[in-house]
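sequence plus the predicted model coming up.
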Amino acid sequence: MIISAQTAPQSRHPIPRRWWHDAVFYQIYPRSFRDSNGDGIGDLDGVTTMLDYLNDGTADSLGIDAIWLCPIHPSPHRDWGYDISDYCAIDPDLGDLKSFDRLIAEAHRRHIRVILDLVPNHTSDRHPWFRRSRGSRRNSKRRWYIWAPGKGNGPPNNWVSAFAGPAWTYDPFTDEWYMHSFLPEQPDLNYRRAEVAEAMHGVMRFWLERGADGFRVDAVSRLSKDAELRDNPAASDRAGASRSDAGGVRVNFYCHDQPEVHQLLRGFRRVLNGYGDRMMVGEVWPREQPLLAQYLRPDELNLAFNFRFFKSPYSAGAFGAAVRDNDELCAAGAWPTWTLSNHDFMRHISRYESDNATEGRARVAAMMLMTLRGTPFIYYGEEIGMRQVDIPPARRRDPMGRDGCRTPMQWSSALQGGFTASPAGPWLPCGDYLRTNVAAQARDGRSLLALYRRLIRLRRETPTLREGVYRSFDGIPQDCLAFYREGAGRRLLVMLNFAHEPRQTESPAGTLLLSTEPDRLPQSLDARLVLGADEGVVIDLGAA
Ligand code: NOJ
C-alpha cells in the first residue's frame with residue numbers, strides 16, 4: 001500500500017493536450033470488416049454502414065473516437081495493400097473516392113476521426129514510378145529507388161529483408177540490384193532524393209484535403225538507409241539483431257534508424273501542421289528500444305506504437321515491466337500508446353489461451369489497456385474476443401502467414417457471420433461466429449463487448465483516466481498489477497489479478513467503479529479487498 005515515493009516522470013513534462021491524447025482508436029482491416037456489395041470482400045461502404053456500432057453517441061455503441069484504416073489503395077496484394085500501385089486512388093475491391101468521401105462525412109458526423117495507413121517506405125513493383133525506374137538506368141525515376149551494382153555474383157551488401165532472404169533483387173534488364181525491406185515486389189523508395197519526399201507530401205495533402213485526420217505511418221524506422229550502403233556489422237558487435245538473416249545473425253545497423261529519418265519525419269510533420277488538428281502515429285521498430293524516444297521529439301511523430309504487450313506473456317511481471325519501461329521512455333514528454341493486437345500478430349485472446357481462464361484473461365487485459373496512461377488502440381473484433389483462426393493451406397492468402405488474425409468480423413450467427421451475403425463466401429474463412437458474435441454480445445450485459453463499452457465510457461467520463469499521472473501501487477501479491485491514476489482532482493486505483501485464483505489485497509478504502517466480473521455489485525470497499533480469479537477493478541479513492 002505504498003505510493004511509490006518517486007514522482008512519476010510523466011508529470012515533469014506536461015504535454016499540450018490534443019484529441020489523439022484522449023481518443024480511443026479502433027483499427028479496421030477494411031477487407032474483413034463488412035461487405036456491402038456481396039463480393040465476399042469488406043469495403044468502405046461496409047465500414048460506413050457499421051459506424052453506429054462504433055459510436056452512435058449512446059451507451060449502446062462501442063464509443064470509440066477514431067478509426068485507423070489499414071491500406072485502402074490499389075495494390076496487386078502481394079502484401080495485402082502494403083504494396084501500393086496508386087497512392088491517390090481507392091482499391092476497386094473497397095470502393096472509390098465517392099465511398100471514401102461518404103465514409104469521412106458519416107464518420108465526422110458522429111465525431112469519429114479517420115486516419116489512413118501511409119506507406120512511404122516502399123511502393124508496389126507495379127507502381128508507375130518503379131516501372132519507369134526499372135525501365136532504364138537513365139530514366140528520371142531511376143534514383144527514386146535504391147539501385148546498386150552487385151558485389152561479385154551477389155547482392156551489394158548483407159542487408160536482409162524483414163520477411164525472408166536478402167534485401168536485394170537482381171534486375172537483369174539493367175544489370176543492377178534494387179533494395180526491398182520486405183518482399184521483392186515492394187521496392188524501397190530512395191529518400192535521398194528530395195523529389196521523393198515531395199511526392200509523398202503530395203500524397204499526404206491529397207488525403208488531408210479530402211478530410212483524413214492523419215496517418216498511421218508504416219515502417220518508419222526503415223525510411224532512410226546508409227548513404228554508402230555499408231554492410232551491417234555482425235551481431236556480436238552491436239545489439240539489436242535481425243532474426244531473418246539466413247547467413248548468421250546481423251544487426252540492422254545501416255538500414256534502420258539512420259539520422260536522416262528524423263529530417264524526413266519533420267517534413268511530414270510540417271505538412272500535417274499545415275492542416276491544423278491532424279496527427280501521425282508511427283509504426284516504429286527501432287533496433288534498440290530506447291531509440292524510440294528520438295522519433296517522438298516534439299516536431300516528429302505525434303505518437304508511436306508501443307508493441308511491448310505483443311511480446312509479453314500473460315503475467316503481472318511482464319506487463320508491469322512493459323509499463324515501467326514505457327513510462328521511462330515517455331519521460332521526455334512523449335505520450336504513451338497501448339495495444340494488444342493488430343493485423344500482423346496472433347490475436348491476444350489466442351496468445352492468452354488457457355483452459356477456462358481465456359475469457360477472464362481477455363477481460364483483465366481489456367481493463368489494463370483502457371486504464372493505463374496513454375492512447376489505447378483496439379484491433380477490430382477484440383472487443384468480442386474474436387480468436388485467431390486456423391486457415392487451411394488452400395485458403396491462405398498472406399505469404400507471411402498472418403491471415404489468421406485478419407478474418408471477417410463476426411457480426412452475428414447468420415451465415416458467414418453476417419459479414420457477407422456472397423454465395424461464394426468471404427475472401428478469408430470466418431472464425432467461430434456461432435460462439436462469438438456482436439449480435440449475441442450486444443444483448444448480453446455480461447459479455448466482453450459490454451465490458452469494452454463500459455470501459456470506454458468510463459474513460460470518456462473520467463478525465464483522471466485520460467490525463468492523470470500513473471503511479472505504481474506496490475505491496476500486492478506478485479501475480480497482480482496495481483496502479484494509481486491521479487489528476488483532475490481525483491485519485492483512482494486499478495487492481496488487476498492475473499492469477500486464476502482469488503487474491504487478497506490491502507488497499508485504501510474507496511468505491512468500486514467497475515469490475516471485469518459482471519456479478520460484483522457496486523459497493524464501498526474497505527481496506528481488505530479480495531480480487532476474484534481473473535478479476536480487475538477500478539476503485540475511486542475520492543478527491544486527490
Ligand atoms: C508493417 C505492416 O503492418 C505489415 O502488415 C506490412 O507487411 C509491412 N509493414 C510492410 O509494409
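That came in fine, so what should we check first? Residues are numbered from 1 along each chain as shown.

what sits against R278?
Neighbour list for R278: 208, 212-214, 272 [criterion: C-beta atoms under 8 Å, 6 or more residues apart in numbering]. Backbone N, C-alpha and C define where each C-beta goes, glycine included.

do you know the pLDDT at it?
With respect to pLDDT, R278 has a value of 98.

tell me the phi and psi of the closest residue to the ligand within the stretch 401-544 of the chain?
With C-beta to the nearest ligand atom as the measure, R402 is the residue of the stretch 401-544 of the chain nearest to the ligand, at 7.0 Å. Dihedral pair for R402: phi -100, psi 10, per degrees, to the nearest 10.

ok, and the closest non-adjacent residue to it?
D344 (5.7 Å; C-beta to C-beta, 6 or more residues apart in numbering).

same thing with G317?
Nearest one to G317, counting by C-beta to C-beta, 6+ apart, is Q478 at 7.2 Å.

state the number of residues packed around the one you found.
Close neighbours of Q478, defined as other C-beta atoms under 10 Å, add up to 12.

same deal with H262?
18.

touching, it and Q294? I think so.
Yes: H262 is within contact range of Q294, at 6.5 Å (criterion: C-beta atoms under 8 Å).

now do the shared contacts for these two.
Joint contacts of H262 and Q294 (C-beta under 8 Å, 6+ apart) are E300.

which bits of the chain sit near the ligand?
79, 82, 119, 182, 218-219, 283, 343-344 (C-beta under 6 Å from any ligand atom).

give the rounded mean pLDDT of stretch 52-67.
Average pLDDT, stretch 52-67: 97.

for the ligand, what is the nearest residue in the protein?
Y82 (3.3 Å).

who wins on neighbours among the residues of the chain next to the ligand?
Most surrounded of these: other C-beta under 10 Å gives V119, at 28 neighbours.

quick one, strands of the stretch 351-500 of the chain?
For the stretch 351-500 of the chain, the strands defined by DSSP state E, counting those that start in this stretch occupy 375-379, 469-472, 480-487, 490-497.

out of the ones you listed, which comes closest to R443?
strand 375-379 (20.8 Å; C-beta to C-beta).

contacting residues around L451?
Counted by C-beta under 8 Å, 6+ apart, L451 has contacts 363, 366-367, 516, 518.

which residues does the residue of the chain closest to the ligand contact?
Neighbours of Y82 in contact, by C-beta under 8 Å, 6+ apart: 71, 75, 117, 119, 182, 186, 218.

go again using 10 Å as the cut-off
70-71, 73, 75, 117, 119, 121-122, 124, 182-183, 186, 218-219, 343-344 (C-beta atoms under 10 Å, 6 or more residues apart in numbering).

what does H500 give?
354-357, 360-361, 479, 533-534.

look up how far A533 lies from the residue nearest to it when sequence neighbours are not counted.
The shortest distance from H500 to any non-neighbouring residue, by C-beta to C-beta, 6+ apart, is to A357 (4.5 Å). Per C-beta to C-beta, to the nearest Å, A357 is found 7 Å from A533.

okay, the two: which has more neighbours?
A357 (18 against 15).

residues near the spatially closest residue to D519 that is not a sequence neighbour, how many?
Leaving aside its chain neighbours, D519 sits nearest to R446 (7.9 Å; criterion: C-beta to C-beta, 6+ apart). R446: 11 surrounding residues under other C-beta under 10 Å.

was I right about R446 contacting E517?
Yes: judged on C-beta atoms under 10 Å, R446 makes contact with E517 at a distance of 9.3 Å.

give me the distance between T375 and S161.
31 Å.

these two: which has the busier surroundings?
Ranked by neighbour count (other C-beta under 10 Å), T375 and S161 place T375 first, with 24 against 20.

what's the more buried one in contact with, if anything?
Here T375 is in contact with 20-25, 65-66, 281, 302-303, 305-306, 335-339, 466 (C-beta under 10 Å, 6+ apart).
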